[in-house]
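Visitor: Based on what follows, work out the 3D shape:
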Amino acid sequence: MSPWQERVIAERDQLRDRLNKLIAFGVTPEYEALPFVEKLDLALQGEHMHGYWKALQRRIERFK
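Guide: I've put the predicted structure just below:
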(Lines give C-alpha, C1' and ligand atoms only; values in the text may rest on other atoms or scores of the structure.)
Protein backbone atom coordinates (compact mmCIF):
# COMPACT_ATOMS: atom_id res chain seq x y z
CA MET A 1 0.00 0.00 0.00
CA SER A 2 1.33 3.41 -0.89
CA PRO A 3 1.93 6.17 1.67
CA TRP A 4 -0.94 8.31 0.37
CA GLN A 5 -3.32 5.36 0.70
CA GLU A 6 -2.18 4.83 4.27
CA ARG A 7 -2.88 8.51 4.96
CA VAL A 8 -6.41 8.19 3.56
CA ILE A 9 -7.03 5.20 5.84
CA ALA A 10 -5.66 7.09 8.84
CA GLU A 11 -7.85 10.08 7.97
CA ARG A 12 -10.93 7.84 7.76
CA ASP A 13 -10.12 6.24 11.10
CA GLN A 14 -9.57 9.60 12.80
CA LEU A 15 -12.79 10.93 11.34
CA ARG A 16 -14.72 7.87 12.56
CA ASP A 17 -13.31 8.44 16.05
CA ARG A 18 -14.39 12.09 16.04
CA LEU A 19 -17.82 11.16 14.69
CA ASN A 20 -18.26 8.53 17.41
CA LYS A 21 -17.37 11.14 20.03
CA LEU A 22 -19.90 13.56 18.56
CA ILE A 23 -22.57 10.86 18.64
CA ALA A 24 -21.71 9.99 22.24
CA PHE A 25 -21.91 13.67 23.19
CA GLY A 26 -25.44 13.74 21.78
CA VAL A 27 -26.76 11.69 24.69
CA THR A 28 -25.15 13.65 27.53
CA PRO A 29 -26.71 16.15 29.91
CA GLU A 30 -24.32 18.78 28.53
CA TYR A 31 -25.79 18.28 25.08
CA GLU A 32 -29.33 18.49 26.43
CA ALA A 33 -28.49 21.85 28.04
CA LEU A 34 -27.45 23.40 24.71
CA PRO A 35 -29.70 25.83 22.85
CA PHE A 36 -31.78 24.30 20.07
CA VAL A 37 -29.87 26.12 17.32
CA GLU A 38 -26.59 24.68 18.63
CA LYS A 39 -28.08 21.18 18.51
CA LEU A 40 -29.13 21.79 14.91
CA ASP A 41 -25.60 22.82 13.98
CA LEU A 42 -24.13 19.77 15.69
CA ALA A 43 -26.57 17.54 13.80
CA LEU A 44 -25.56 19.21 10.53
CA GLN A 45 -21.90 18.78 11.43
CA GLY A 46 -22.49 15.08 12.10
CA GLU A 47 -24.27 14.63 8.76
CA HIS A 48 -21.38 16.21 6.89
CA MET A 49 -18.82 14.21 8.83
CA HIS A 50 -20.70 11.03 7.96
CA GLY A 51 -20.80 11.98 4.28
CA TYR A 52 -17.07 12.69 4.35
CA TRP A 53 -16.44 9.33 6.04
CA LYS A 54 -18.49 7.54 3.36
CA ALA A 55 -16.48 9.24 0.59
CA LEU A 56 -13.21 8.17 2.19
CA GLN A 57 -14.54 4.64 2.69
CA ARG A 58 -15.54 4.36 -0.98
CA ARG A 59 -12.07 5.48 -2.03
CA ILE A 60 -10.47 2.92 0.29
CA GLU A 61 -12.63 0.14 -1.11
CA ARG A 62 -11.14 0.86 -4.54
CA PHE A 63 -7.59 0.45 -3.21
CA LYS A 64 -8.02 -3.33 -3.27
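Visitor: Okay, buried residues for stretch 49-64 please.
Guide: Buried residues in stretch 49-64, defined by neighbour count with 16 or more other CB atoms under 10 Å: Met49, Trp53, Leu56. Bear in mind the C-beta positions are built from the backbone N, C-alpha and C, glycine included.
Visitor: In terms of helices and strands, where is the second one?
Guide: By that I understand Trp53. Assigned by DSSP states H and E, Trp53 belongs to helix 36-61.
Visitor: what helices or strands is that helix leaning on?
Guide: Helices and strands in packing contact with helix 36-61 are listed as helix 3-25; criterion 3 or more CB pairs under 8 Å, 6 or more residues apart in numbering; DSSP states H and E.
Visitor: Tell me which residues are up against the helix it packs on.
Guide: Residues outside helix 3-25 that contact it (CB atoms under 8 Å, 6 or more residues apart in numbering): 1, 31, 42, 45-46, 49-50, 52-53, 56-57, 59-60, 63.
Visitor: Identify the farthest-apart pair in the residues you listed.
Guide: Largest separation among the contacts of helix 3-25 by CB to CB: Met1 and Tyr31, giving 37.9 Å.
Visitor: Give me the more crowded residue out of these two.
Guide: Neighbour totals were compared for Met1 and Tyr31, and Tyr31 leads with 14 against 9 (other CB atoms under 10 Å).
Visitor: Report how many residues lie close to the closest residue to the more buried one other than its chain neighbours.
Guide: In space, Tyr31 comes closest to Phe25 once its chain neighbours are excluded; the distance is 5.4 Å by CB to CB, 6 or more residues apart in numbering. As a burial measure, Phe25 scores 13 neighbours (other CB under 10 Å).
Visitor: where does Phe25 land on pLDDT?
Guide: We have a pLDDT of 98 for Phe25.
Visitor: For stretch 22-33, which residues meet the burial criterion?
Guide: The neighbour-count check on stretch 22-33 (16+ other CB under 10 Å) flags Leu22 as buried.
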